[in-house]
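Peer 1: Sharing a sequence plus its predicted fold:
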Amino acid sequence: MAAPVRLELRHASGVTPILIGRGVADEGLAELAGRLAGGRLFTISTARVMALHGEVLELLRARGIEPECLVAPEGEEAKRLDLAGELWSSMLRSGGKRDSAVLAFGGGSVGDLSGFVAGAFLRGIRWFQLPTTLLAQADAAIGGKSAVDLPEAKNSVGLFHHPELVICDAALLATLPPRELRSGLFEIVKVAALFDPPLLDAIGAQLEPLLAGDAEALAPIVAEAVRLKVEIVVEDPEDRGRRALLNFGHTLGHAIESALDYQGLTHGEAVAFGMLFALRLARRRGLEADATEHVTALIGRIGLPPLPPLEPERLVETIARDKKARESGLGWILPLGLGQGAESIAVPAAELDRELRRFLQSQS
Ligand SMILES: NC(=O)c1ccc[n+]([C@@H]2O[C@H](COP(=O)([O-])OP(=O)(O)OC[C@H]3O[C@@H](n4cnc5c(N)ncnc54)[C@H](O)[C@@H]3O)[C@@H](O)[C@H]2O)c1
Ligand SMILES: [Zn+2]
């Protein structure tokens, strides 16, 4: 069995240790218990995660900590402002104070909600992450970004608030449906295509065990993805430069998710379609055919469902609104070459409209 990996993310408010490996939940929760000097621990999770893996929290009970559970809905439904409000109220009612802490125990949706809830409650309380999806372990739980959605746009209200400890136990991934494993792999392909071609190859070479949820195969892939993300976040903690490149695939991806009302595709799948489209735009600007084909082929091998029917007008509108509201002129993130990063490019409206129609047709 590969040894656990311990990485550290340094940021303005301190250092976040990140534990990665099969079976690290025990060690991680013991550390969490040691760090909690009194105070309540509010665990935010979903019914499914509690039913499948709730017993790992016994370790906290054994150390005298009651992980009071607050249940959120499954999936993106968790990232709602009114739900955050309900959680704040129930935390206050059950005696939540400045010395209370939050434990996020679930996928990226639970993580994003929990970070937001912890970051704003009484102007910010401590929080910990025990992510249970591949996407959350490899990406969402790292870097301190959290947000909820508004009907107008995804992730539109949020904050930066770093967890005190992140525990990525690959054993928890064994119960993930293959589709959720694929979704996580797509988000790893995103960072690997831009910064780490050997990681792309490792995914390609190990696809079968990875899609079977094999913890021994998953742990080193998670560790490498986290290492890359830490490097990028340390360089650009507030998402003003290099970190924004991690939005590769997300401009169209978010618009697809919003057009579908967050139903029918996972976040990673929507991002994968977004990457395929960005690769086409990049190809028109000189990205080598080899690089385009390499990433496109790997996305195809991982396996995407058919893209549901979408109206190009609605996507273009959502993209324009999103950009105007949030990205102050930030353009499309287009790869420069395998492992050579990306650039942010403004794509003219007419080209976007034409290419998007072509892309949607090619997927139907
Ligand atoms: N904050 C960030 O930096 C960041 C980065 C990437 C993505 N995200 C966000 O993450 C969200 C997507 O997260 P996700 O892909 O983890 O999906 P998710 O959190 O919506 O989880 C998907 C489903 O899997 C279930 N599940 C979780 N763990 C399980 C397990 N071990 N076994 C079986 N089922 C399990 C969940 O209950 C849920 O129903 C999106 O909202 C995205 O915007 C945030
Ligand atoms: Zn994402």
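Peer 2: Thanks, I have the structure now. Ligands and ions are numbered 1, 2, ... in the order given.
Peer 1: Just give me the residue closest to the centre of this structure.
Peer 2: residue 140 (2.8 Å; Cα atoms, centre = their mean).
Peer 1: And the lowest-mean-pLDDT helix or strand in the chain, what's buried?
Peer 2: For the chain, counting by mean pLDDT, DSSP states H and E, helix 312-322 ranks last in confidence among helices and strands (a mean of 89). Buried residues in helix 312-322, counted by 16 or more other Cβ atoms under 10 Å: 312, 315, 316, 318, 319, 322. Bear in mind the C-beta positions are built from the backbone N, C-alpha and C, glycine included.
Peer 1: thinking again about what came up before, if I pick the spatially closest residue to the residue nearest to the centre of the chain that is not a sequence neighbour, what's in contact with it?
Peer 2: In this structure, residue 140 finds its nearest non-sequential neighbour in residue 108, 3.3 Å apart by Cβ to Cβ, 6 or more residues apart in numbering. Going by Cβ atoms under 8 Å, 6 or more residues apart in numbering, residue 108 touches 131, 133, 135, 136, 139, 140, 141, 267.
Peer 1: Show the pLDDT at residue 152.
Peer 2: Here the pLDDT value assigned to residue 152 is 78.
Peer 1: Provide a list of residue ranges in this protein with pLDDT below threshold.
Peer 2: 1, 323-330 (pLDDT under 70).
Peer 1: Now tabulate the buried residues of helix 312-322 in CSV and tack on distance to residue 217.
Peer 2: Shown next, in CSV, are those (distance: Cβ to Cβ, whole Å):
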residue, distance to residue 217
312, 39
315, 35
316, 40
318, 36
319, 36
322, 36
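Peer 1: What parts of the stretch 251-364 of the chain come near ligand 1?
Peer 2: Residues of the stretch 251-364 of the chain lying close to ligand 1 (Cβ under 6 Å from any ligand atom) are 266, 267, 268.
Peer 1: cool, the stretch 51-200 of the chain as well?
Peer 2: Neighbours of ligand 1 within the stretch 51-200 of the chain, by Cβ under 6 Å from any ligand atom: 52, 74-76, 79, 106-110, 112, 132-133, 135-136, 139-140, 143, 145-146, 155, 172-173, 175-176, 180, 183.
Peer 1: What about those, which are in helices?
Peer 2: Mapping these onto helices (DSSP state H) picks out 52, 108, 109, 110, 112, 135, 180, 183.
Peer 1: ranking those by neighbours, who comes first?
Peer 2: The most crowded member of those, judged by other Cβ atoms under 10 Å, is residue 110 (31 neighbours).
Peer 1: Hmm, residue 44 and that one touching each other?
Peer 2: Yes: Residue 110 is within contact range of residue 44, at 5.8 Å (criterion: Cβ atoms under 8 Å).
Peer 1: For whichever strand or helix holds residue 43, name the packing helices and strands.
Peer 2: Remark: residue 43 resides in strand 41-46, with elements defined by DSSP states H and E. For strand 41-46, the elements it packs on are strand 67-72, helix 81-93, strand 101-106, helix 108-120, judged by 3 or more Cβ pairs under 8 Å, 6 or more residues apart in numbering; DSSP states H and E.
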